[in-house]
Every structure is written in C-alpha cells, then in structure tokens.
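> Build me a model:
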Amino acid sequence: MKKFPLSVLALIFLTNLLCLQSAKGIDSSSNLTVSIAGLKSHKGKICFSLFDSNKGFPGDKKKALEAKCVKIKDASVPFSLGSVKAGSYAVAMFHDVNDDGTLNRNVLGIPTEGFGFSGNPRVITGPPKFNESAVIVAGRNTNIDIQFQYFLGH
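Below is the predicted model:
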C-alpha cells in the first residue's frame, strides 16, 4: 500500500479547512418541503405545525414556529412550509376533514381524523415525543415524507 506524502495530506487538510471557513458566510436557510402519502380523501384541509423544540410539540399551535391549515387542493403534494434556518425540526399534521380546525377525537381520545408526523414514528398509545419526530434541516432544500395514519373514521 502506498503512503501519501506529508505535503499531499497537508494540502488536503488546508483545502478542507478553507472550505469550512468559507461556508460560514453562506446563508444557512433551507426550503422545507413536505410530501404527504396516505390521505383517505381530498375533503377538508391539511393542518400542520412546525416546531424547533419539544416545547408544545405536537399539539400546542401557540408554541409552534408556524401553524396553519391549507385546503387540500391548495396543498399540492409536495408543498412548501417555507424557508427555515438549519437545525432540528418536527412537523405535526392532521387531516381536518370537517374543516373545524381541530383534530377530532372520540370519547376515548382516539383521533377520528388522519394525522402524521415527520420521521413517521409508530403511534400506538399517544403522540410521539419531539426527538422521535425530529429531522435535520440543512442545505438549500430539505424534503420530508409524511405518511398519514387513520385509527378511526375518515
């Protein structure tokens, strides 16, 4: 096996160091796009909340960086959540079939409308924690695939 001359290794190291230094001046925002799969119908709206920490995740829209509902016909798949800084984020979504702005539940608290989370964690006994749904957003474009789940109803 050939050994690299020390001068070649030093050149590689310096090139990498210069690239890292120049990257610091680059805008570190990313366009965050979500693709949705598994919708049972095209009625109603898709409501989402974007979080950058566990505070309020997944249900407190007031603590979300962004929360809104869009008509399904306007939420072309995939659709953009906008530009965010590089970091760790989690998205919570639900299919608001009856257009009332809330994730409807039965008397036992089980959702009767579809829902989904970034990272597509398995949901059995309750909503996931932030770290189970968190995804790293970096680079110019970040795409997240969310698979909707339906326990009951629509």
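> Ranking helices and strands of this structure by mean pLDDT, which lands last?
For the chain, counting by mean pLDDT, DSSP states H and E, helix 6-23 ranks last in confidence among helices and strands (a mean of 38).
> The following helix or strand past that helix pairs with which strands, parallel or anti?
Sequence-wise, the next helix or strand downstream of helix 6-23 (DSSP states H and E) is strand 29-37. Sheet pairing here is set by DSSP bridges, and for strand 29-37 it gives strand 79-85 (antiparallel), strand 141-147 (parallel).
> what comes up buried for strand 29-37?
Residues of strand 29-37 classed as buried under the neighbour-count rule (16 or more other C-beta atoms under 10 Å) are S30, L32, T33, V34, I36. (Each C-beta comes from the backbone N, C-alpha and C, glycine too.)
> Which two among those residues are spaced furthest apart?
Greatest spatial distance in the buried residues of strand 29-37: S30 and I36, 19.0 Å, computed using C-beta to C-beta.
> if we can go back for a sec, out of the strands paired with strand 29-37, nearest to P58?
Proximity to P58 (C-beta to C-beta) singles out strand 141-147 among those, at 12.1 Å.
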